[in-house]
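> how would this look folded up:
(2 chains)
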Number of protein chains: 2
Amino acid sequence: MTGERRVVGVDLGGTNLRAAVICADGRIEHRQSVATDAQDGPEMVIKRMADLVGRVAADGALDSSTVVGVAAPGPLNPKTGVVHFTPNLPGWLNYPLRDALSEQTGLRVVVENDANCAVVGEARFGAAKGASDVIYLGLGTGVGGGIIADGKLISGVSGLGGELGHVCVSIDGPRCTCGGVGCLEAYVAGWAIAREGDLVAVTSDGAALREASGGKAITPRDVIAAAADGDAAAIAILVRAGRALAAATGSFINTFNPELIVIGGGLGVGDSHILTAARDALPDYSFRAQREEARIVIAKLGDDSGLFGAGALALDSLRESVTV
Amino acid sequence: MTGERRVVGVDLGGTNLRAAVICADGRIEHRQSVATDAQDGPEMVIKRMADLVGRVAADGALDSSTVVGVAAPGPLNPKTGVVHFTPNLPGWLNYPLRDALSEQTGLRVVVENDANCAVVGEARFGAAKGASDVIYLGLGTGVGGGIIADGKLISGVSGLGGELGHVCVSIDGPRCTCGGVGCLEAYVAGWAIAREGDLVAVTSDGAALREASGGKAITPRDVIAAAADGDAAAIAILVRAGRALAAATGSFINTFNPELIVIGGGLGVGDSHILTAARDALPDYSFRAQREEARIVIAKLGDDSGLFGAGALALDSLRESVTV
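All right, here's what the predicted structure looks like:
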């Protein structure tokens, strides 16, 4: 059966739809990508996804017993395969992604939240390979999270857990776009850094930020660029974000006693001010014994962590169906 | 084998050492208790524990194939049975509780942190019976925590997880006795409420607190009593604690998507101001879908949750050894 241990992994992104054959040993083959064109609505996107899966499966000479794993954005229930909603894909309201794709492809489909897929991908094939207790944080436009405890993905009674960007790090902190107060995301997400940049840019300390933005709305890149040039106000924004990241990471260390914290996403890998400040502040927010066991590492699979994780979950599902 | 499904549960407290026969159906029999007399050091305490276990096992007519489950305070590693240290038991530094008790009793022993035992006890026999995803918070002198996800106790790679009293709810908050900044415990533990009471008592708003304490150091009971009499300063302390509890509880809801949050411990069951404030503030700190799935309930087993949990873990261990 070793030759059969291959599946199709799919990553449903706001911009691109990507798919590939994922092998049990971590090789990736026959990768293909098309534009999501999300504005066409879920039916058309699923049709595109089914075509893509069909082509990849054909290229990989996979038969009808294979499984498709899909990493999808937004809160979803992996037990039912229904996507509750997604901020970046219009029209996906309680949409039965799993059943729709399964009907069109004739293949068994498993669906999981993209950040949950990312932690599975990194734990199976990436920076946390072989670890049983892993926390993943994806720092980008938003902040995604995933938890593996004792070798298993933890996502709660309806699969809605793992929202690690929305743990509170300050009871009186800034509002988050989710409506919450003092969420980690409200300090460290791209939008939060841009918001702070905009607020600072109108002050007397904001000259460098005003210049970096060229008079337009500040972007996270503007803040990072100004900080790289040594601007104190920009550095302060990133250090504050790093301190919030330390508070959340320390809480995860005390809560999960993990071996690894994997930091992914564009901001996480791109900016050393945030990560340096987070490492410096971590002793304020975590027990020593647990902290010393938890290594903080950068994600290894980059944009592909979700794709690999979706494949890993499909591989697990394949094994279950074989052994049953 | 049904008749054999009985074990000995032990709760190692700072004041009392308690043991009983725990049956698989949740009955508790042949309960006994002796003073811990912790000042005598671990060897003497283990000797007392072994005597107690021996008497309880004899009363229950248990044979040498039974298992003993021990709920012990302080950070410990359940895989090795070593207690790293305990704040309330002098001399317990990296003490091999499991092996020492096993040697003296001739019985197999399993050891787990008392707050972790509490969540297992409540999930097996108490307020969370039948639930697969449960968070336990014990609010007392300190704040203990325990996590059950997908039916399994989550305690991390070395068993040091579940320290839910030491998640950060405010990056700039008050220092905790653990050395951390803005821990949940630093707002809601008995000592934290007493500290706030002491600080308020010297102000112009503190007349009722000064009176309640009779000139001595303020206790949590003084604050609760003054609040019950309608004192605004005392109520404000408890509402603040409740808000911190909401921030942490909301984070757990977003992280674990649990069915139940079980609140135990003396403060949790005794003071309605804290719990009412926590329920009121919860929407600020949790997603609606996850919040609507999570019921907040009061622990049902009281002081016995750890004893029952230790028994449940011993029963699990018994089953494993039978089926192997």
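> drop to CA atoms for contacts and neighbour counts, all remaining ones
Will do.
> how near is the nearest residue in space to A:Leu52 that is not next to it in sequence to A:Asn77?
Using Cα to Cα, 6 or more residues apart in numbering or on different chains and skipping residues adjacent in sequence, the residue nearest A:Leu52 is A:Ala19, 6.9 Å away. According to Cα to Cα, to the nearest Å, A:Ala19 stands 21 Å off from A:Asn77.
> of the two, which one has the most company?
Between A:Ala19 and A:Asn77, counting by other Cα atoms under 10 Å in any protein chain shown, A:Ala19 is the more crowded of the two (32 against 21).
> residues contacting the more buried one?
Each residue near A:Ala19 by Cα atoms under 8 Å, 6 or more residues apart in numbering or on different chains is listed here: A:Val8, A:Gly9, A:Val10, A:Asp11, A:Arg31, A:Gln32, A:Ser33, A:Leu52, A:Val53, A:Val56, A:Leu307.
> of those residues, which belong to strands?
If you go by DSSP state E, the contacts of A:Ala19 have A:Val8, A:Gly9, A:Val10, A:Asp11, A:Arg31, A:Gln32, A:Ser33 in strands.
> for the first one, name its beta-bridge partners.
It stands for A:Val8. Applying DSSP bridges to A:Val8 yields these beta-bridge partners: A:Val21, A:Val68.
> let me know the pLDDT of it.
Reported pLDDT at A:Val8 in the predicted model: 98.
> kindly report the same for the last one.
Looking at A:Ser33, its pLDDT stands at 97.
> give me the neighbour count for it.
15.
> pretty sure it contacts A:Leu17?
Yes. Counting by Cα atoms under 8 Å, A:Ser33 does reach A:Leu17; the two are 5.6 Å apart.
> contacting residues around the closest residue in space to A:Cys183 that isn't next to it in sequence?
Nearest non-adjacent residue to A:Cys183, counting by Cα to Cα, 6+ apart: A:Cys168, 4.4 Å away. Contacts for A:Cys168 (Cα under 8 Å, 6+ apart) come out as A:181-184, A:248, B:168-170, B:247-248, B:250-251, B:285.
> show me how to select, in PyMOL, the buried members of those residues.
A single PyMOL command selects the buried members of these (16 or more other Cα atoms under 10 Å in any protein chain shown):
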select buried, (chain A and resi 181+182+183+184+248) or (chain B and resi 168+169+170+247+248+250+251+285)
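> want to try TSV for the contacts of A:Cys168, with distance to A:Gly156 as columns?
Below are the contacts of A:Cys168 laid out as TSV (distance: Cα to Cα, whole Å):
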residue	distance to A:Gly156
A:Val181	22
A:Gly182	23
A:Cys183	20
A:Leu184	20
A:Ala248	19
B:Cys168	22
B:Val169	22
B:Ser170	25
B:Ala247	19
B:Ala248	17
B:Gly250	14
B:Ser251	13
B:Tyr285	17
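> need the contacts of A:Cys168 in TSV (columns: distance to A:Ile261, pLDDT and secondary structure).
Listed next are the contacts of A:Cys168 as TSV, based on distance: Cα to Cα, whole Å; pLDDT from 0 to 100; DSSP: H, G, I helix; E, B strand; the rest coil:
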residue	distance to A:Ile261	pLDDT	secondary structure
A:Val181	24	98	strand
A:Gly182	21	98	coil
A:Cys183	19	98	strand
A:Leu184	15	98	coil
A:Ala248	11	98	helix
B:Cys168	17	98	strand
B:Val169	20	98	coil
B:Ser170	21	98	strand
B:Ala247	23	98	helix
B:Ala248	20	98	helix
B:Gly250	22	98	helix
B:Ser251	18	98	helix
B:Tyr285	23	98	helix
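> report the contact partners of A:Phe256.
A:Phe256 makes contact with A:Asp133, A:Ala149, B:Ile154, B:Ser155, B:Gly156, B:Leu160, B:Gly161, B:Gly162, according to Cα under 8 Å, 6+ apart.
> relative to B:Ser170, how far out is the residue of the stretch 151-300 of chain A found nearest chain B?
The stretch 151-300 of chain A approaches chain B most closely through A:Ser170 (3.9 Å), counting by Cα to the nearest Cα. Noted for A:Ser170: a distance of 4 Å to B:Ser170, by Cα to Cα.
> quick one, phi/psi of A:Asp304?
Note on A:Asp304: its backbone torsions stand at phi -90, psi 0 [degrees, to the nearest 10].
> no no, A:Ile296
For A:Ile296, the backbone dihedrals (degrees, to the nearest 10) come out as phi -100, psi 120.
> can you count the residues close to it?
A:Ile296 has 17 nearby residues by other Cα under 10 Å.
> wait, doesn't it sit right on A:Val262?
Yes. Between A:Ile296 and A:Val262 there is a contact at 6.0 Å, judged by Cα under 8 Å.
> in the stretch 1-150 of chain A, which spans are helices?
Using DSSP state H, counting those that start in this stretch, the helices of the stretch 1-150 of chain A run over A:42-59, A:97-105, A:114-125.
> the first one vs helix A:97-105, what angle?
In other words, helix A:42-59. 60 degrees (axes from the mean of the first three to the mean of the last three Cα atoms, to 10 degrees).
> so for helix A:42-59, what gets flagged as buried?
Using 16+ other Cα under 10 Å as the test for burial, helix A:42-59 gives A:42-43, A:45-46, A:48-50, A:52-57.
> do the second one as well
Going by neighbour count (16+ other Cα under 10 Å), the buried part of helix A:97-105 is A:Leu97, A:Arg98, A:Asp99, A:Ala100, A:Leu101, A:Ser102, A:Thr105.
> now these as CSV including distance to B:Glu122 and pLDDT?
Formatted as CSV, the buried residues of helix A:97-105 follow (distance: Cα to Cα, whole Å; pLDDT from 0 to 100):
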residue, distance to B:Glu122, pLDDT
A:Leu97, 37, 97
A:Arg98, 36, 98
A:Asp99, 37, 98
A:Ala100, 40, 98
A:Leu101, 41, 98
A:Ser102, 40, 98
A:Thr105, 45, 97
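> so which of the residues you listed is the closest to B:Gly126?
Nearest to B:Gly126 among these, counting by Cα to Cα, is A:Arg98 at 36.8 Å.
> how about that closest one: what's its closest non-neighbour residue?
Per Cα to Cα, 6+ apart, closest to A:Arg98 is A:Gly81, 4.7 Å.
> ok, now which ones touch that neighbour?
Shown in contact with A:Gly81 (Cα under 8 Å, 6+ apart): A:Pro96, A:Leu97, A:Arg98, A:Asp99, A:Val110, A:Val111, A:Glu112.
> cool, A:Val167 as well?
A:Cys183, A:Leu184, A:Ala248, B:Ala248, B:Gly250, B:Ser251, B:Phe252, B:Asn254, B:Thr255, B:Tyr285.
> can I get those in CSV including distance to B:Glu292?
Output for these, formatted as CSV (distance: Cα to Cα, whole Å):
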residue, distance to B:Glu292
A:Cys183, 19
A:Leu184, 22
A:Ala248, 24
B:Ala248, 16
B:Gly250, 11
B:Ser251, 14
B:Phe252, 13
B:Asn254, 11
B:Thr255, 14
B:Tyr285, 13
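> ok, now which ones touch A:Val10?
Contact analysis of A:Val10 by Cα under 8 Å, 6+ apart lists A:Leu17, A:Arg18, A:Ala19, A:Ala20, A:Val53, A:Val68, A:Gly69, A:Val70, A:Ala71, A:Leu307, A:Ala310, A:Gly311.
> pLDDT at A:Met1, what is it?
pLDDT at A:Met1 comes out at 42.
> who's in contact with A:Thr241?
One thing to correct before we go on: residue A:241 is Ala, not Thr. If you count contacts by Cα under 8 Å, 6+ apart, A:Ala241 has them with A:Tyr187, A:Val188, A:Ile193, A:Ile274.
> what is the neighbour count of the first one?
By the criterion of other Cα under 10 Å, A:Tyr187 has 29 neighbours.
> again, but for the third one
The burial metric for A:Ile193, expressed as a neighbour count using other Cα under 10 Å, is 27.
> what do you get for A:Asp280?
14.
> so is it in a helix, a strand, or just coil?
Following DSSP: H, G, I helix; E, B strand; the rest coil, A:Asp280 is assigned to helix.
> residues contacting stretch A:66-78, please?
So stretch A:66-78 is contacted by A:6-13, A:53, A:82-87, A:107-115, A:117, A:158-160, A:306-307, A:309-315, A:317-318 (Cα under 8 Å, 6+ apart).
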